[in-house]
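Asker: I'd like to go over a predicted model; first the sequence, then the structure.
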Amino acid sequence: MAKLADPHARRVAKWFVKIEAFVADGRRYLPGGDQEGQTPPQPMLIMARRVAGVYDPPAVERLKQLCLEDGRTYARNSRFGRTHLIRLATVQEADRRRRLEDETVRGGWSAAAVQKAISAELGTRATVNRKTRPPESETALALDVEKRMRSLLSWLGDRRADTGVSPPAAFGRLYGRLGRAAAALRAEALKLLPERPDNANKADD
């Protein structure tokens, strides 16, 4: 209780109430949990399960102690939260992940900064300015669109978890734009794809 007299300790305690609840929700879907073998019904629970598979209770406690000791770098309006954990859990090598955890807390990094550091280490930043090659088949196109939508949903879930705010109604306009973009893509495809032989024969009649 003496530590809780420290304002920073109170802040960290609040951070980890949410973090520990998040990991506990994910642990329910791991072997031995009451939802073992079930598919989490929400994207955020899927991410919670992934995080729980990496962060057992001792690992979460280590992070909590790290935040208590070195987390004063976080400004008053920022914090170490669930989104940080989601990003860090993508690092498979334990030693590298612990090093990034240390750098994250001691540097007061945002979740975006964590992702930037992970991408830089993987060498993915160099691909940002490369020209995107279009998919070579209908199946590849569908898979690419699905991948992009999953990424969007994951990002929206991260933002909701980190801020506690649901996406605004304005996102409805973005979905409308997505529908129009799909229609435009179809129209361009009709111009570029060769005409079917049976249609060409009908035109000659």
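Answerer: In hand now; what should we look at?
Asker: For this structure, which segments are assigned as helices?
Answerer: Using DSSP state H, the helices found in the chain span residues 7-27, 43-54, 57-70, 82-88, 94-107, 111-122, 138-163, 171-192, 197-204.
Asker: Lowest average confidence across these, which one?
Answerer: Between those, the lowest average pLDDT goes to helix 197-204, which shows a mean of 50.
Asker: Next, count neighbours for residue 11.
Answerer: Burial of residue 11 is recorded as 18 neighbouring residues (other CB atoms under 10 Å). Glycine gets a C-beta too; all of them are placed from N, C-alpha and C.
Asker: So it versus residue 112, what's the distance?
Answerer: According to CB to CB, to the nearest Å, residue 11 and residue 112 sit 21 Å apart.
Asker: same thing with residue 19?
Answerer: 18 Å.
Asker: so residue 115 makes contact with residue 87?
Answerer: Yes - taking CB atoms under 8 Å as the definition, residue 115 is a contact partner of residue 87 at 5.1 Å.
Asker: Could you check which of these two has the larger neighbour count?
Answerer: Of the pair residue 115 and residue 87, residue 87 is the one with more neighbours under other CB under 10 Å, namely 23 against 18.
Asker: show me the residues around the closest residue in space to the more buried one that isn't next to it in sequence that make contact.
Answerer: Take residue 87 and drop its neighbours on the chain: the residue closest to it by CB to CB, 6 or more residues apart in numbering is residue 114, 4.4 Å away. Going by CB atoms under 8 Å, 6 or more residues apart in numbering, residue 114 touches 84, 87, 88, 100, 104.
Asker: Residue 66: what's it in contact with?
Answerer: Shown in contact with residue 66 (CB under 8 Å, 6+ apart): 101, 102, 105.
Asker: Among those, which one lies nearest to residue 68?
Answerer: The closest of the contacts of residue 66 to residue 68 turns out to be residue 105 (CB to CB; 9.7 Å).
Asker: ok, the closest one to residue 8 distance?
Answerer: Counting by CB to CB, the gap from residue 105 to residue 8 is 12 Å.
Asker: what's the answer for residue 16, then?
Answerer: Applying CB to CB, the value for residue 16 to residue 8 is 13 Å.
Asker: can you check residue 140 too?
Answerer: Taking CB to CB, one finds residue 140 at 50 Å from residue 8.
Asker: The two: which is more packed in?
Answerer: Between residue 140 and residue 8, counted using other CB under 10 Å, residue 8 has the larger neighbour count: 14 against 11.
Asker: Give me the spatial nearest neighbour of that one, chain neighbours excluded.
Answerer: Computed as CB to CB, 6+ apart, the closest residue to residue 8 that is not its neighbour in sequence is residue 72, at 5.5 Å.
Asker: next one: residue 48
Answerer: Among residues not flanking residue 48 along the chain, residue 26 sits closest, at 3.1 Å (CB to CB, 6+ apart).
Asker: Could you chop this protein up by domain?
Answerer: Using automatic domain parsing, the domain parsing of the chain gives 3-126, 138-204.
Asker: Just say which of those is most tucked in.
Answerer: Greatest average neighbour count among the domains of the chain goes to domain 3-126 (a mean of 16), per mean count of other CB atoms under 10 Å.
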